[in-house]
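Chemist: after the sequence you'll find the predicted model.
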Amino acid sequence: MRMNLMKMVSSAALMLGLSVGGAMAQDFPNKPITLILPLGAGGSHDLNSRVFTSIIPQYLDQAMIVKLMPGASGQTGTAAAATAPADGYTLLFSHNYFDQLQQHVKDLPYDTTKDFVTVARLNSARFCLIVRADSPHKDINGLLEFGRANPGKLEFAHSGQWGAGMVPGARLLQWAKVNANMTPYRGGGPSLRALLAGDADFTVQLPSTIAGQGDAVRTLACVNDEPVVGSPPTFKSIGFPSELGEMHRIVMAPRGIPADRLAKLREAFAKMQEDKTYQRMMSRLGEDTNLMDGAEYEKLRPVQSDTYKELVEAMTKG
Amino acid sequence: MEDLFISMGQGAAILFNPATLFITILYMIGGLLLGMFVGALPGLTTLTAMAILLPIVFFLEPIFGIPFLLGIYKGGIYGGSIPAILVSMPGTGAAVATTFDGPALTRQGKGRKALEMALFSSVAGDLTSDIFTIFMIIPIALIALKIGPPELGAVLFLSLIVISATGSGAFVKGLLVMVLGLFIAMIGQDPIGALSRFTFGVFELRSGISLLPMLIGLFALSELLLNIEKKASAYIDAKLKVREGERLKWSEFRACGRTIMRSTAIGTSIGIIPGVGQVVAAFVGYAAAKNASKHPEKFGKGELEGVAAAEAANNAVNGPTLVPMLTFGIPGDNITAILLGAFVAVGMRPGPQLMAEQGPQVFAILLAMVLANVLFLIVGYLSIPLFARVVRIPKSLLMPLTIMFAFAGVFAVRNNPTDLYILGIFGAIGYILRKYHFDVAPLAMAFILGPEIERALSQTISLSKGNLAGYILFDRPITVVILVLTPLIAWYLWRRSTKLRRESLAMTGQEE
């Protein structure tokens, strides 16, 4: 009797363990996944998320639901994702400036590096520095030399303090030891207007935006790693470490996520990358589809943090 | 100019192609109905609906997909005025000015009249501004480009003065409430350096006070509280007999003709200036109508002209707002940013080259906007009886339902529990202020405009590189003109309002 009881208990425990283990491995995800956006409707993160959340369910067998939580420069949504259960059902769609730069300029109620692990870098946006077509600055070196000779004279219109349109430009100016006057605008559009209207000497914009401008603007340099034939010089070609001027759109999960679930999510993103419809929709939006695996992106994060720290210290000192 | 007409003709040929026209119309009607639905329910915003449905557009022909989105856009703006008129609940900032007279009309049993007036004046304002935009697209683009932070700041400051000077109630009380609004807007992060202000270390306050809970609290919850207080049982029973009321008479619409024309002109001009928007247009249109009226004291107590003034003005903004997006690829707000995404996705990349390379397609879409207005007139008119029935819901059900929609809607926007507290707190603030005869509109207005003015001022200071007066005086002539006009207009409005008050006091004195 006693033996039987022991047997029963142990076999029950075994079965329970097996079924739990099985549920962990095979039944994830068994309900829709929530993707928190710490940004508002209508921005580029929103548009990108609308595309990939409509494709990825094919590879996860579950829906992915976008939840917009804007506020406090991304802090509201990021904080909500940081405190969500680490079960893989809550993800965060963020970018590298919220992820690694913000901690150096703000007192945050979370630690992005400790609290989040990268599922995938969906894509990146490589910015270009542009001037008006009638600008006297013909190339990037000329612009920087003029800036060095005339401190405070150059006017840089950017898309917002510590944002994706500001950091590459600010980093370039810091590296080239140019002291320019920087005015923040509310997003890329208004900063482009400032350039076109003559309120600014240069601005930093996405290639997709520049493409629509035709002859009205001249691109002086882009944050491409490799020069493209017929395209303007890269930041790298003038000696500037360009790889940090990209905006990475990243899907993050709370750090405690079980390894098999993280692997499953990463696999789904890798499969989606091969999807023809996904590729076509993204190219129609004018966005890249340069997926980077989460594990690989993890290596970039500490490097970013150091560079941003250096930039912030240099900029807030004087 | 001749090229422009050729493009226009080709555009008309694309839109009115018999093979596709019917399908385009169906998509547009679908968009309009959907827009009205999401606009009418607080929490479901036009913006979110457009963002969610954008991927569908990728798979559609441009002449189907873009009109579909435009339908949602146009339907949504009118949809927002439906709860504003019926239950004093503005779903967006643009509908706030409609709550001044709409709910009062509903209480008088003229809900249907008000809804129809809102529809007709919306369509009239929108249609006129769209046609104006089609013919004036190049000049509008050139003006829009000239409006930088200094000009924008000056225009917004002038708007704030005009609005606070023409509010209901005492001028000083309006100013006090306005200052309160400016202060509340400062809670959270400053618009330039993103530094925290007045947050007292509370994380939830870092994102500031959000607009929608504040508006619904100030206007809808406070209205409910005031109504409940007025002898609840009598209020609830008496209104059971209220009917939808009669339809709008042609003579009533014609009587508002001047007001609609004035508001359309105001709305269109405001639309040309990027960054000002529908909210300001509705307020300024309303203020101007009140100022020009022979009986301004009736405004705010159920005046059809008030509804017409606000609705014509906020819709007239739509046409010109699209111009910077189409001609320079610069979206003025989030809605135009989504439209920009849609244009790019269907292979029309907005910018200076778009007009040259794909002029006919652009005009086809602009003409589709005109067509959308005509369709909207029909769709809206047919749906009004349905909405007007809301007043027949017994108050004992309608009031709890309104409260439920207020809280659910506010939560749905950002999924943030803090917004529920904000709603409750502003319901109480609105109730107290209105009980002591303060007009809450200047608070909402200052709250919306405050950060914009601050941003523009900070940008101007940055642009001036330390020499503010010299920069404005010598580099910004338009700003100088606006800044000189501001005190003159303020003085005129102040004189007029004191004169009117003295007259009305004298009149009541005689009657007694």
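Modeler: Arrived safely.

Chemist: gap between residue B:106 and residue B:228?
Modeler: In this view, residue B:106 and residue B:228 are 17 Å apart by CB to CB, to the nearest Å. Where C-beta positions appear, they are placed from N, C-alpha and C, glycine not excepted.

Chemist: looking at these two, which has the bigger crowd around it?
Modeler: residue B:106 (26 against 13; other CB atoms under 10 Å in any protein chain shown).

Chemist: can you tell me the element that one falls in?
Modeler: Here residue B:106, judged by DSSP states H and E, is contained in helix B:102-107.

Chemist: ramachandran angles for residue A:257?
Modeler: As for residue A:257, its main-chain torsions (degrees, to the nearest 10) stand at phi -60, psi 140.

Chemist: residues near it, how many?
Modeler: Around residue A:257 there are 22 residues (other CB under 10 Å).

Chemist: correct me, but it touches residue A:85?
Modeler: No - counting by CB atoms under 8 Å, residue A:257 does not reach residue A:85; the two are 9.5 Å apart.

Chemist: nearest residue to residue 267 other than its sequence neighbours?
Modeler: If you meant another chain, say so; for now it's chain A. Of all residues not flanking residue A:267 in the chain, residue A:59 sits nearest, at 7.8 Å (CB to CB, 6 or more residues apart in numbering or on different chains).

Chemist: hmm, no, I was thinking of chain B.
Modeler: Residue B:267 sits nearest to residue B:316 (CB to CB, 6+ apart), 2.7 Å away.

Chemist: how about the one you found, what does it touch?
Modeler: Residue B:316 makes contact with B:125-126, B:128-129, B:263-268, B:271, B:281, according to CB atoms under 8 Å, 6 or more residues apart in numbering or on different chains.

Chemist: from these, pick the one nearest chain A.
Modeler: residue B:271 (15.7 Å; CB to the nearest CB).

Chemist: grab the nearest non-local neighbour of the closest one.
Modeler: Leaving out its chain neighbours, residue B:271 is closest to residue B:320 (CB to CB, 6+ apart), at 3.5 Å.

Chemist: what is the mean pLDDT for the helix or strand hosting the one you found?
Modeler: Assigned by DSSP H and E, residue B:320 falls within helix B:318-328. When pLDDT is averaged over helix B:318-328, the result is 88.

Chemist: by contact count, what packs against that helix?
Modeler: Judged by 3 or more CB pairs under 8 Å, 6 or more residues apart in numbering or on different chains; DSSP states H and E, helix B:318-328 is in contact with helix A:188-196, helix B:62-87, helix B:111-146, helix B:257-272, helix B:334-345, helix B:352-388.

Chemist: now the ones you listed in CSV, with distance to residue B:95 and mean pLDDT?
Modeler: Shown next, in CSV, are the helices and strands packed on helix B:318-328 (distance: least, CB to CB, whole Å; pLDDT from 0 to 100):
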stretch, distance to residue B:95, mean pLDDT
helix A:188-196, 25, 89
helix B:62-87, 4, 90
helix B:111-146, 9, 91
helix B:257-272, 14, 94
helix B:334-345, 15, 84
helix B:352-388, 14, 88
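
Chemist: so how many other residues sit close to the closest residue to residue B:451 other than its chain neighbours?
Modeler: Ranked by CB to CB, 6+ apart and with sequence neighbours excluded, the top spatial neighbour of residue B:451 is residue B:191, at 4.9 Å. Residues near residue B:191, counting by other CB under 10 Å, number 23.

Chemist: swap in residue B:107?
Modeler: Residues near residue B:107, counting by other CB under 10 Å: 16.

Chemist: so residue B:126 touches residue B:374, yeah?
Modeler: No - with contacts counted by CB under 8 Å, residue B:126 stays clear of residue B:374, the gap being 10.4 Å.

Chemist: more neighbours: those two, which one.
Modeler: Per other CB under 10 Å, whichever of residue B:126 and residue B:374 has more neighbours is residue B:126, with 29 against 13.

Chemist: tell me how far the more buried one lies from residue B:8.
Modeler: 19 Å.

Chemist: what about the helices and strands packed on helix B:318-328, which gets the closest to residue B:487?
Modeler: Closest to residue B:487 of those is helix B:257-272 (CB to CB; 20.5 Å).

Chemist: now do the closest one: distance to the chain's middle.
Modeler: Put simply, helix B:257-272 sits 13 Å off its chain's centre (CA atoms, centre = their mean, to the nearest Å).

Chemist: hmm, whichever helix or strand comes after that helix in reach of chain A?
Modeler: Of the helices and strands lying after helix B:257-272 in sequence (DSSP H and E), the nearest is helix B:278-292. No - between helix B:278-292 and chain A, judged by CB under 8 Å from any CB of the partner chain, nothing touches; the nearest distance is 15.5 Å.

Chemist: against which helices or strands is helix B:278-292 packed?
Modeler: Helix B:278-292 is packed against helix B:149-165, helix B:257-272, helix B:304-316, helix B:441-464, with contacts defined by 3+ CB pairs under 8 Å, 6+ apart.

Chemist: perfect, I'm done here.
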